[in-house]
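coordinates only, no sequence provided:
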């Protein structure tokens, strides 16, 4: 595919790192590899995990480490959540300082995954 034209819709995602602001919450066995792939791409990525050591593993990968879900919400226009179960997902979305309460601006996109029903 060398020399293939980039679709026009993909162009905004190929801009310098500071252009597209993405957040990733949940850096466990599934979330960490996904977030690492985003760190390697030209995105401005902020990560958070309740296990601070999981987030610290991203310090050398040019990723910003957030202190809370709310900080991710304030920073990112697109947020991916990868947590263990529906209870954790509800807490990330609706809990105190959750994504819904903390998101600034009129337009946000969230992609979420949980492994087990609560």
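Cool, the structure landed. Just so we're clear, the structure is a prediction, and the values are computed from it rather than from any experiment.

count of neighbours near residue 25?
Using other C-beta atoms under 10 Å, residue 25 has 30 neighbouring residues. C-beta here means a position set from N, CA and C on the backbone, and glycine is covered the same way.

next: the one 5 residues further on.
The number of residues packed near residue 30 is 14, by other C-beta under 10 Å.

and residue 31, by the same measure?
Neighbour count for residue 31, taken as other C-beta under 10 Å: 21.

so what's it closest to, chain neighbours aside?
Using C-beta to C-beta, 6 or more residues apart in numbering and skipping residues adjacent in sequence, the residue nearest residue 31 is residue 82, 3.4 Å away.

surely the one you found touches residue 30?
Yes - with contact defined as C-beta atoms under 8 Å, residue 82 counts as touching residue 30 (5.5 Å).

which helix or strand contains the residue nearest to residue 31?
Assessed by DSSP states H and E, residue 82 sits inside strand 78-85.

that strand: partners in the sheet, and parallel or antiparallel?
Using DSSP bridges, the strands paired with strand 78-85 are strand 21-25 (parallel), strand 109-116 (parallel).

least reliable of those by average pLDDT, please.
Lowest mean pLDDT of the strands paired with strand 78-85: strand 109-116, a mean of 62.

shouldn't residue 35 be in contact with residue 63?
Yes - between residue 35 and residue 63 there is a contact under C-beta under 8 Å: 7.4 Å.

okay, and the common contacts of the two?
Residues touching both residue 35 and residue 63 by C-beta atoms under 8 Å, 6 or more residues apart in numbering: 45, 47.

higher neighbour count, those two?
The neighbour comparison of residue 35 against residue 63 (other C-beta under 10 Å) goes to residue 35, with 27 against 22.

report the contact partners of residue 102.
Taking C-beta under 8 Å, 6+ apart as the test, what residue 102 contacts is 69-71, 73-74.

got any ranges where this protein has weak pLDDT?
1-18, 104-118 (pLDDT under 70).
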